[in-house]
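In: Next comes the sequence, and after it the predicted model I'd like to discuss.
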Amino acid sequence: MLITRDDLPFTQGLGFRTSGELWMPDPESWRGRIAGLLLWPFRRRHYTAFEGLRLASNWGRWVKRGAASQTDVERWNRLMRDTSGEAFKPSMAESIVLGDLPMPSSLCIGLGETSVDMTIIMHDGIVPLALARSELRPLERVAHHRAVRKLSYPTLNDLPEGVSVNPGRLRDDLSIAPRLIRNLVRLYDRMGITQIELVAGWSGGSAVWPKYGFRPKRRFRWECLKAGMRRRHRSMADAERHATQAAFDTAIDGADPRLIFEVSDLSFKSYDGLDRSALAVRYPNDLNGYLLQGLRWSGVLRLDEDVPRRRLESYLERKGFAL
């Protein structure tokens, strides 16, 4: 089955304003720092996004105007195929990715020669609350996650016009990443994508991504991570260091990068006799967060391998977003 120009949607749904901050690269990444210097005038502008799926430029951010071109149709039919080799309709992609997100949420898809750029804007009914960016290379069965992050509204002055409350503070308990990752993986499974790549460590992701089944892509990076974790473990207070020494040594004892799964499961909750109130102050992100957060590494999740797949499914299920 092939789609036609009539199947590709454009700016017909509800529009909502988004800050230029949303369209910049992750501010904690090197791309974000460069963009902050070169593109700072654009950060204060507002851009309109539209509810549902919209075709965008080939980098997945600016919404196209006008009718779909024949090139768009050809690229969709070549790249957006399911495991049976059939091109699936845009409405199906929209249903998979945005199905259970609060409306108005938006999916911007940019079609390149060999890649598909996707930007998901999760709206909570008041303001755009979170985003996810991903580059798909369907012919290689690979997806690269560029960013999954919650948007920040530090003060009331940063909110869109007419909004009198700060949802960024009121919705801190809202689970963002598990919901977005679950929906993206559903799309990847449909397209036969078996490998997801990312760069962890721009924020707290170094400790979180292994819980989803991501591990360092190369062994030398795992060895660098082990060196960084050893330094951090040696800097712990004597009581905590002695109590966790055996488990920590076991967790990193080997050259297999999948041992990062063991590190990400380390927790002070497993040890009796430690001062819980002091631990909460010294190590607010628990033992695994203290060891891993801020350490940068290129990671990979193989959806066709049993151990990472089970880990992904188990973590999403615990968070209430079963695949």
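Out: The structure has been received and is ready for your questions. Numbering: from 1, shown residues only.

In: Buried residues in stretch 93-111, which are they?
Out: 93-94, 96-98, 101, 104-111 (16 or more other C-beta atoms under 10 Å). Placement of C-beta: from N, CA and C, glycine included.

In: what's the average pLDDT for that stretch?
Out: Stretch 93-111 shows a mean pLDDT of 87.

In: Now, the buried residues of stretch 93-111 that are in strands?
Out: 106-111 (DSSP state E).

In: got the end-to-end distance for stretch 266-285?
Out: 11 Å (C-alpha to C-alpha, to the nearest Å).

In: So what's the residue count around the closest residue to Met118 other than its chain neighbours?
Out: Excluding its sequence neighbours, the residue lying closest to Met118 (C-beta to C-beta, 6 or more residues apart in numbering) is Ser134, at 4.8 Å. Residues within reach of Ser134, counting by other C-beta atoms under 10 Å, total 23.

In: now Ser134, which residues is it bridged with?
Out: Ser134 has these beta-bridge partners by DSSP bridges: Met118, His145.

In: for Phe50, same thing?
Out: Gly15.

In: so it makes contact with Ser106?
Out: Yes - the criterion here is C-beta atoms under 8 Å, and Phe50 meets it with Ser106 at 5.9 Å.

In: shared neighbours of those two, anything?
Out: Phe16 (C-beta atoms under 8 Å, 6 or more residues apart in numbering).

In: Reformat the ones in strands among the buried residues of stretch 93-111 as JSON lines; add distance to Lys211.
Out: Converted to JSON lines, those look like this (distance: C-beta to C-beta, whole Å):
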{"residue": "Ser106", "distance to Lys211": "28"}
{"residue": "Leu107", "distance to Lys211": "25"}
{"residue": "Cys108", "distance to Lys211": "28"}
{"residue": "Ile109", "distance to Lys211": "28"}
{"residue": "Gly110", "distance to Lys211": "30"}
{"residue": "Leu111", "distance to Lys211": "32"}
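
In: so how far is Asp7 from Ala49?
Out: 21 Å (C-beta to C-beta, to the nearest Å).

In: Those two: who's more crowded?
Out: The neighbour count for Ala49 versus Asp7, taken as other C-beta under 10 Å, is higher for Ala49 (27 against 15).

In: Count the neighbours of Ala280 for me.
Out: For Ala280, using other C-beta under 10 Å, the count is 11.

In: so where does it fall, helix or strand?
Out: helix 276-282 (DSSP states H and E).

In: So what touches the helix or strand that comes right after that helix?
Out: As assigned by DSSP H and E, the chain's next helix or strand after helix 276-282 is helix 286-292. Helix 286-292 is contacted from outside by 204, 206-207, 210, 225, 229, 232-233, 236, 240, 244, 248, 260, 263-269, 283, using C-beta under 8 Å, 6+ apart.

In: what does stretch 73-91 give?
Out: For stretch 73-91, the external contacting residues (C-beta under 8 Å, 6+ apart) are 1-5, 7-9, 53, 93, 109, 111-116, 136, 138-139, 190-192.

In: just stretch 134-143 next, same as before
Out: With C-beta under 8 Å, 6+ apart, stretch 134-143 has contacts from 60, 79-81, 114-118, 144-146, 184, 188, 191-197.

In: Contacts only, for the nearest residue to Arg182 once chain neighbours are set aside.
Out: Nearest non-adjacent residue to Arg182, counting by C-beta to C-beta, 6+ apart: Phe321, 4.2 Å away. When contacts are counted by C-beta under 8 Å, 6+ apart, Phe321 touches 175, 178-179, 182.

In: Is it possible to get a markdown table of the residues you listed that adds secondary structure?
Out: Compiled in a markdown table, the contacts of Phe321 are given as follows (DSSP: H, G, I helix; E, B strand; the rest coil):
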| residue | secondary structure |
| --- | --- |
| Ser175 | coil |
| Pro178 | helix |
| Arg179 | helix |
| Arg182 | helix |
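
In: For PyMOL, write the selection for the buried entries among these.
Out: Buried residues within the contacts of Phe321, by 16+ other C-beta under 10 Å, are selected in PyMOL with:
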select buried, resi 178+179+182
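
In: now stretch 140-160: mean pLDDT?
Out: Rounded mean pLDDT across stretch 140-160 is 74.

In: And for stretch 7-16?
Out: 67.

In: Strands along this protein, start to end?
Out: Going by DSSP E, the chain shows strands at 15-19, 46-50, 52-56, 106-111, 116-123, 128-137, 142-150, 195-200, 215-216, 297-302.
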